[in-house]
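A.B. asks: need a 3D model of the sequence below.
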Amino acid sequence: MSLAKSAEQHDRVYIEIMKENMTLVNEINELRKELRSAKTQSGFLHNISNLDPLTETYGIPFYLQYLAHWPEYFIVAEAPGGELMRYIMGKAEGSVAREEWHGHVTALSVTPEFRRLGLAAKLMEMLEEISERILKP
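C.D. replies: Sure thing, here's the model as predicted:
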C-alpha cells in the first residue's frame, strides 16, 4: 500500500472515530439535560407548597398526571442556589373532530423574591412557543 493511500485511509478512520465521539458526546449531554430536568421536576413536586401562599396548590397525583401527559408544558426554573424561582404548567386541549387545539395554562407562579423581573412573561412566551410548535403541524 502506498504512503498516500495509507494516509488517506488513516484520515477516513480518524474522521469516523471523531464522528462517533461527537455522537457519544451529544448523547451524554442529552442524558445530562434529562437528568437535570427530572431532578428539577421531582424537587419541584416536593417544594411547590412552599412557593407562594397565594398560588393554588394541588395534590402530587395531579402534578404527576400533568408530567405524564404533557411534560413539555411543565416548566420549572431554579435560582443559582437551587431554590425554586418559578414554574408554569399547562396542557393541550381542544377538539379532534373540529381540529381546534390550543394550549391551556393551568398554573403559573413566581416566588415573591424573584417577581418584577419579567419571569412570568417569559414563562408565558415559552408556553406559547411550545403550543405553536406542538399543535401547529
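A.B. asks: skip ahead from the lowest-mean-pLDDT helix or strand in the chain and say which helix or strand is next.
C.D. replies: Here the helix or strand of the chain ranked lowest by mean pLDDT, DSSP states H and E is helix 3-47, holding a mean of 68. Beyond helix 3-47 in the direction of the C-terminus, DSSP states H and E gives the next helix or strand as helix 60-69.
A.B. asks: what sits against S95?
C.D. replies: Residues in contact with S95, defined by C-beta atoms under 8 Å, 6 or more residues apart in numbering, are W101. For every residue, glycine as well, the C-beta is placed using N, CA and C.
A.B. asks: one more time with 7 Å, if that's ok
C.D. replies: Under the criterion of C-beta atoms under 7 Å, 6 or more residues apart in numbering, S95 has no neighbours.
A.B. asks: swap in Y66?
C.D. replies: 74, 89, 91, 106.
A.B. asks: go again with 10 Å.
C.D. replies: 58, 73-74, 89-91, 106-107 (C-beta atoms under 10 Å, 6 or more residues apart in numbering).
A.B. asks: looking at the residues you listed, which one is closest to I134?
C.D. replies: Compare each of the contacts of Y66 with I134 using C-beta to C-beta and the shortest gap goes to Y73, at 8.5 Å.
A.B. asks: how far away is the closest one from P61?
C.D. replies: 17 Å (C-beta to C-beta, to the nearest Å).
A.B. asks: the closest residue in space to M126 that isn't next to it in sequence pairs with what?
C.D. replies: Ranked by C-beta to C-beta, 6 or more residues apart in numbering and with sequence neighbours excluded, the top spatial neighbour of M126 is I75, at 5.8 Å. Each beta-bridge partner of I75 is listed here: I88, as defined by DSSP bridges.
A.B. asks: count of neighbours near I75?
C.D. replies: The local packing of I75 (other C-beta atoms under 10 Å) involves 21 other residues.
A.B. asks: ditto for the one 4 residues further on
C.D. replies: Taking other C-beta under 10 Å as the neighbour definition, A79 ends up with a count of 12.
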